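# Have a look at this fold, sequence not included:
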């Protein structure tokens, strides 16, 4: 948060609080899962929020309705929701354009639900640097004192098909060649981009969770509101209650990442998927390891397919050597898998015991863990991106190139395209709602559209009766021969939640007990995320009736929620007082905001919503 912003927004803020809050805070010991304590960063954020929102010291606890209390508001030119690569790129580009035009009063405000920028970011990540170089040409220049210093040049690529004990070499498709790319921690890159955005004059508010889209009388988006703080688990106000804030803007850009909560609302309201197919998703699970120096091969990139996943399940693993003796290792599992006994977390733990991974990780130390869903629908699933008063950018729209296993460059470029369209529309000064026609048009003539169209049939080709092997064969054909010029476009299968079969239709999968060296129990992994939620707040994983949910799900799927969640949030606990003999339980304080539950739950009875701002994981190096 910049010092020049605070007096404008908080005219009565005590002088001792008018200090810019750094984008990164000193790391402290990670809290244990399911018993988090309030962190200093969250406490500081709440102090700032308390000064910026109307505080009701003694609200009535009977029939309390927060909507009856007025919210403080602020008005800006552009409001951006989400401090990831797309949102930050849009913000920087907007301020660049305003500066070039001599418009120093042009206000760009960015809201980020994490306590600090980057805290909720998870990615592989091998970065294709074209968009970043276009935005900030000196980002890696030796003579730039503020250069990004944590980029490892990509080295040798290798692609392997795994059986239980062997690794069979495969030719890597052209899309996966990484010459000229860099291995980075997207967590670190996002923090660095945030610093560049503040330097450009962007007003950044980490710890402010946008939870509501605001509309004007004509049904156009006019901004967003942050959620109320200080509500107890029962929905009643505590002494710390604070009403949320409204941020009004002529243009609102949603860059929430995959399956954003506000994005879902806007897509439904304006029927943005009317001309596209449904989105399909994968769950990425990742660890960072510090390995023995003699095993480190700087810049080495390995991708794998096959084991441990069944042949009817799409996905693959990776291992990248970066930094100094660091390895990024992870697994992506397509969430259209059918067997409810499958646990992506369990598959990942098995994968690390394969010789190709174990030979590198043995003797090392796991230092970080993270999980996040990603869009896999590609070209077919791109919705209309503009709506009255705003637009979708980055993974909110779904610009991940699945065969490339890259989406950062497309996210950044989409943010820049939206920024250029927004600035042009706003400087035209036409009355009424702003509609970013130029963004829709320019997107279709951009490199984003071209590269996603070229690979559009690779992911859905795995839905053929030949499954994994048919998909591999077709992907090879289109990568090396057809190159996307085929006149047909495959459709995706069922939505991910509808692809789940009942437990009695599928073989049960038993996962080996973790050894504590290469594989770990799920709560140990959660402890490495730094996840922190105050327990006495409304559960942000919204299920209207827990008993009704159990009655719908348990007889058919035997606890699928516990298995698809990579953070131990959902449990079925033995309970003789219940007719089913089990009780459904949500440990919301464990949530790492991956949003798998909202996507994969067969009954679509779980709605992921934003918890209090600043809470959730505090990822390191992810």
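Looks like it came in fine. Small disclaimer: the values here were computed from a predicted structure and weren't measured. Numbering: from 1, shown residues only.
# List the contacts of residue 111.
Residues in contact with residue 111 (Cβ atoms under 8 Å, 6 or more residues apart in numbering) are 79-83, 205, 208-210, 224, 226, 247. Bear in mind the C-beta positions are built from the backbone N, C-alpha and C, glycine included.
# any chance of the residues you listed in CSV, plus distance to residue 515?
Formatted as CSV, the contacts of residue 111 follow (distance: Cβ to Cβ, whole Å):
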residue, distance to residue 515
79, 48
80, 44
81, 42
82, 38
83, 37
205, 44
208, 42
209, 38
210, 42
224, 46
226, 44
247, 49
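# Can you tell me which of those end up in helices?
The members of the contacts of residue 111 all map outside helices under DSSP state H.
# Mind putting those into TSV with neighbour count, pLDDT and distance to residue 473?
Below are the contacts of residue 111 laid out as TSV (neighbours: other Cβ atoms under 10 Å; pLDDT from 0 to 100; distance: Cβ to Cβ, whole Å):
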residue	neighbour count	pLDDT	distance to residue 473
79	28	98	47
80	37	98	43
81	30	98	41
82	29	98	38
83	34	98	41
205	25	97	50
208	29	96	49
209	24	96	45
210	30	97	44
224	26	98	46
226	28	97	50
247	26	98	50
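# So which elements touch the longest helix seen in the chain?
Looking across the chain with DSSP H, the single longest helix is helix 408-427. Packing partners of helix 408-427 (3 or more Cβ pairs under 8 Å, 6 or more residues apart in numbering; DSSP states H and E): strand 73-81, helix 85-100, helix 130-135, strand 246-254, strand 390-392, helix 437-444, helix 447-454.
# Of those, flag the one that's most buried.
Across these, averaging neighbours per residue (mean count of other Cβ atoms under 10 Å) puts strand 390-392 on top, at a mean of 31.
# Sheet-wise, list the partners of that strand with their directions.
The pairing partners recorded for strand 390-392 under DSSP bridges are strand 246-254 (parallel), strand 386-387 (antiparallel).
# quick one: which of the ones you listed is nearest residue 116?
strand 246-254 (19.5 Å; Cβ to Cβ).
# Report the distance from that closest one to the chain centre.
For strand 246-254, the separation from the chain centroid amounts to 21 Å (computed by Cα atoms, centre = their mean, to the nearest Å).
# Residue numbering should commence at 532 henceforth.
Happy to do that; since the first residue is 532 now, the last one works out to strand 777-785.
# just the angle between the helix or strand that that strand is followed by and strand 777-785, please?
Moving toward the C-terminus from strand 777-785, the next helix or strand (DSSP states H and E) is helix 792-801. With axes from the mean of the first three to the mean of the last three Cα atoms, to 10 degrees defining the directions, helix 792-801 sits at 80 degrees from strand 777-785.
# ok, back up a step: could you redo the helices and strands packed on helix 939-958 as CSV and give each row distance to residue 1076?
Below are those laid out as CSV (distance: least, Cβ to Cβ, whole Å):
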stretch, distance to residue 1076
strand 604-612, 30
helix 616-631, 36
helix 661-666, 45
strand 777-785, 30
strand 921-923, 32
helix 968-975, 41
helix 978-985, 40
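# check contacts around residue 849.
Applying Cβ under 8 Å, 6+ apart to residue 849 gives the contacts 655, 832-835, 859-862, 936.
# the helices in the stretch 782-931 of the chain, which residues?
Applying DSSP state H, counting those that start in this stretch to the stretch 782-931 of the chain gives helices spanning 792-801, 875-882, 886-892.
# Quick check: which helices or strands does the first one pack against?
Counting contacts by 3+ Cβ pairs under 8 Å, 6+ apart, helix 792-801 packs against strand 741-746, strand 777-785, strand 917-918, strand 921-923.
# 10 Å - rerun?
Counting contacts by 3 or more Cβ pairs under 10 Å, 6 or more residues apart in numbering; DSSP states H and E, helix 792-801 packs against strand 604-612, strand 741-746, strand 752-757, strand 777-785, strand 917-918, strand 921-923, strand 1138-1139.
# now whichever strand or helix holds residue 1057: mean pLDDT?
Per DSSP H and E, residue 1057 falls inside helix 1053-1058. Computed over helix 1053-1058, the mean pLDDT rounds to 98.
# Quick one: residues in contact with it.
560-565, 816, 818, 874, 876-877, 879-880, 897, 899-902, 1045, 1047, 1050-1051, 1093, 1096-1100, 1118, 1120-1123, 1148 (Cβ atoms under 10 Å, 6 or more residues apart in numbering).
# roughly how far out does it sit from the chain middle?
Distance, centroid of helix 1053-1058 to centroid of chain: 19 Å (Cα atoms, centre = their mean).
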